[in-house]
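In: sequence and predicted model, in that order:
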Amino acid sequence: MIRTTRAAIASGQGQFAIESIEVASPQGDEVLVEIRASGLCHTDHASLGWKRPLVMGHEGAGVVLEVGPEVTGVSPGDRVVLNWVIPCGTCSACHRGAAVHCHSSRPAHVMEPSAAHAHAAGTQLRGVPVDRSFNLGTLCGLALVRQAAVTRLETQVSFESACIVGCGVMTGFGSAVTVARVAPGSSVAVIGCGGVGLNVIQGARIAGASRIIALDLQAAPLDRARRFGATEVIQVDPADRELDAAAAEVRRRCGGAGADYAFEATSVPRLAFAPLKLIRDGGMALQVSGINDPVTVPMPLFMWDKTYVTPLYGGCLPSRDFPRIFELHASGQLLLDELVTRTYRLEQLADAFEDLLAGRLAKGVITFGD
């Protein structure tokens, strides 16, 4: 069965358009999800220039509409959240329990009958196969994904709050709790208080850090940071482009040595190594925002015995981490609803991107359905 739905399609050349796409019924281990909400992050905006057309979006939650014959974990009608770690289950990374490093992950696909019995993708734009961003493509009404991309929602969290766990929440929370393993009583500095930074902050709070210093250029994100667990804030002077003055202030507040942990969550290339300036000897610096640009670093910043890590997706293992996050939310320890600054319809995507790039959002969410 072929269904038609509306989707945000990136041109690959910096633009997008809302178009109709065709989505086939799932086969094999595939699941067809009716998307109810899709979160936005800077990566979605970056995908506009990924050199090929694709269905945008990689944070999604919704309801299972149909499943393939090999699917056992979910059924039609189940409420689910999606993740972009879609492990194959057979490669060496999956076998060692590091699904986030899977090097054989593959997208959903189906075999549709044709005159030549040729392969046809399960998602098509005007009859031509089109890729889905991160093998998900959540900025559309229907997402055809593999079962490994789907986690059932066991708590009564809203779709708007659930969808952002699929990337932004997981990346920040997991970087603090799973990758850094922030220790109780420790000191933490977080550069950038957008969606990822706020979740680093609340991850550090939940882990028991005694001092959490939030740094940002603007007052509004710092106000949010306090709500999510920052014990103190530093509004960075725009002239302090390399964060030298801010780093000196962090070190002063931490007894002169520096913080035990520092996280970068800005996506600003020149700040990729800035966390090294904020930590003590033997401390840990984490570059969380996934900067891909070429940058240089003075090697003395690594002295002495400092650890520098670039976490991937907060070390995500969906079957372990998503239930934990939703349980923490249900108990009131982890904030999700408060992260959603504004919701939009798909036709308002341009407005949502404008707000995102202007720093007006912790998280923006596109909603579907009634």
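Out: Yep, it's here.

In: distance from stretch 185-198 to the middle of the chain?
Out: 15 Å (CA atoms, centre = their mean, to the nearest Å).

In: which SS class is residue 184?
Out: Residue 184 carries the three-state label coil when classified by DSSP: H, G, I helix; E, B strand; the rest coil.

In: for residue 333, see how far away the residue nearest to it when sequence neighbours are not counted is.
Out: Distances taken as CB to CB, 6 or more residues apart in numbering place residue 208 nearest to residue 184, at 3.3 Å, with adjacent residues excluded. For every residue, glycine as well, the C-beta is placed using N, CA and C. Going from residue 208 to residue 333 by CB to CB, to the nearest Å gives 12 Å.

In: ok, residue 260 next?
Out: 22 Å.

In: and residue 262, by the same measure?
Out: 23 Å.

In: next: residue 23.
Out: Per CB to CB, residue 23 is found 38 Å from residue 333.

In: now residue 74
Out: In terms of CB to CB, residue 74 sits 27 Å off from residue 333.

In: same drill for the two, tell me which one is more crowded.
Out: residue 74 (17 against 11; other CB atoms under 10 Å).

In: spell out the secondary structure type for the more buried one.
Out: Going by three-state DSSP: residue 74 is coil.

In: show me the contacts for it.
Out: Neighbouring residues of residue 74 by CB atoms under 8 Å, 6 or more residues apart in numbering: 31, 64, 67, 80, 147, 150, 152.

In: so what's the last one bridging to?
Out: Following DSSP bridges, residue 152 is listed with bridge partners residue 80.

In: measure how buried it is and give me the count.
Out: 14.

In: can you check the first one too?
Out: When neighbours are counted by other CB under 10 Å, residue 31 registers 27.

In: for the strand or helix carrying it, name the packing helices and strands.
Out: For residue 31, the host element (DSSP states H and E) is strand 30-39. Under the contact criterion of 3 or more CB pairs under 8 Å, 6 or more residues apart in numbering; DSSP states H and E, strand 30-39 touches strand 60-67, strand 79-82, strand 142-146, helix 159-163, strand 363-367.

In: centre of the chain to the helix or strand just after the shortest one, how far?
Out: Think strand 79-82. Counting by DSSP H and E, the next helix or strand C-terminal to strand 79-82 is helix 92-95. For helix 92-95, the separation from the chain centroid amounts to 22 Å (computed by CA atoms, centre = their mean).

In: just the CA trace of the lowest-mean-pLDDT helix or strand in the chain, in PDB.
Out: One helix or strand of the chain scores below all others by mean pLDDT, DSSP states H and E: helix 92-95, with a mean of 88. This file holds the C-alpha atoms of helix 92-95, laid out as PDB (Å, rounded to 0.1, in the frame of the first residue of the first chain):
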ATOM      1  CA  SER A  92      31.800  -5.600  16.000                       C
ATOM      2  CA  ALA A  93      30.500  -2.300  17.600                       C
ATOM      3  CA  CYS A  94      27.100  -3.800  18.300                       C
ATOM      4  CA  HIS A  95      28.600  -7.000  19.700                       C
END
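
In: next, the buried residues of that helix.
Out: 93, 94 (16 or more other CB atoms under 10 Å).

In: pull the residues that contact it.
Out: 87, 88, 99, 100, 101, 102, 103, 104.

In: okay, now the last one: neighbour count?
Out: The number of residues packed near residue 104 is 13, by other CB under 10 Å.

In: with the first one instead?
Out: When neighbours are defined as other CB under 10 Å, residue 87 has 22 of them.

In: looks like it contacts residue 102 (just checking).
Out: Yes: Residue 87 is within contact range of residue 102, at 4.3 Å (criterion: CB atoms under 8 Å).
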